[in-house]
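Chemist: Just a sequence and a predicted model for now, questions to come.
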Amino acid sequence: MQMSLMEYITKYFNGDIYRYAQYEGVSREQILKWINNECYIIKGRLVMPVKHLPVKEIL
């Protein structure tokens, strides 16, 4: 199952970003960076994109 990091925080931490930050051992600001960077959860693992690729096809 895949969900955005914010969906995960809402579901498992009642939307409390600060509490999730404490759980991860990082700052609230770091969590906000992860959310803004479009990190997501797959099978219970935090997945961070390495790079956003352009939408148009490269030929």
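Modeler: Yes, it's here.

Chemist: and for the strand or helix carrying Gln22, what are the contacting residues?
Modeler: Assigned by DSSP states H and E, Gln22 falls within helix 17-24. The contact list for helix 17-24 (C-beta atoms under 8 Å, 6 or more residues apart in numbering) reads 9, 12-13, 27-28, 30-32, 35. For glycine as for every other residue, the C-beta is placed from the backbone atoms N, C-alpha and C.

Chemist: and with 7 Å instead?
Modeler: 9, 13, 27-28, 30-32 (C-beta atoms under 7 Å, 6 or more residues apart in numbering).

Chemist: so can I have JSON lines of those showing neighbour count?
Modeler: What follows is these, written out as JSON lines (neighbours: other C-beta atoms under 10 Å):
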{"residue": "Ile9", "neighbour count": "22"}
{"residue": "Phe13", "neighbour count": "15"}
{"residue": "Ser27", "neighbour count": "12"}
{"residue": "Arg28", "neighbour count": "14"}
{"residue": "Gln30", "neighbour count": "12"}
{"residue": "Ile31", "neighbour count": "21"}
{"residue": "Leu32", "neighbour count": "13"}
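
Chemist: Pipe those residues into TSV and attach distance to Ile42, secondary structure and pLDDT per row.
Modeler: TSV is the format used below for those (distance: C-beta to C-beta, whole Å; DSSP: H, G, I helix; E, B strand; the rest coil; pLDDT from 0 to 100):
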residue	distance to Ile42	secondary structure	pLDDT
Ile9	15	helix	97
Phe13	18	helix	97
Ser27	24	coil	97
Arg28	23	helix	96
Gln30	20	helix	96
Ile31	18	helix	96
Leu32	21	helix	96
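
Chemist: Strands of this protein, start to end?
Modeler: 2-4, 40-42, 45-47 (DSSP state E).

Chemist: Of those strands, flag the one that's most buried.
Modeler: Across these, averaging neighbours per residue (mean count of other C-beta atoms under 10 Å) puts strand 40-42 on top, at a mean of 15.

Chemist: Which residue, other than its chain neighbours, is closest to Met48?
Modeler: Closest residue to Met48 apart from its sequence neighbours, by C-beta to C-beta, 6 or more residues apart in numbering: Cys39 at 4.9 Å.
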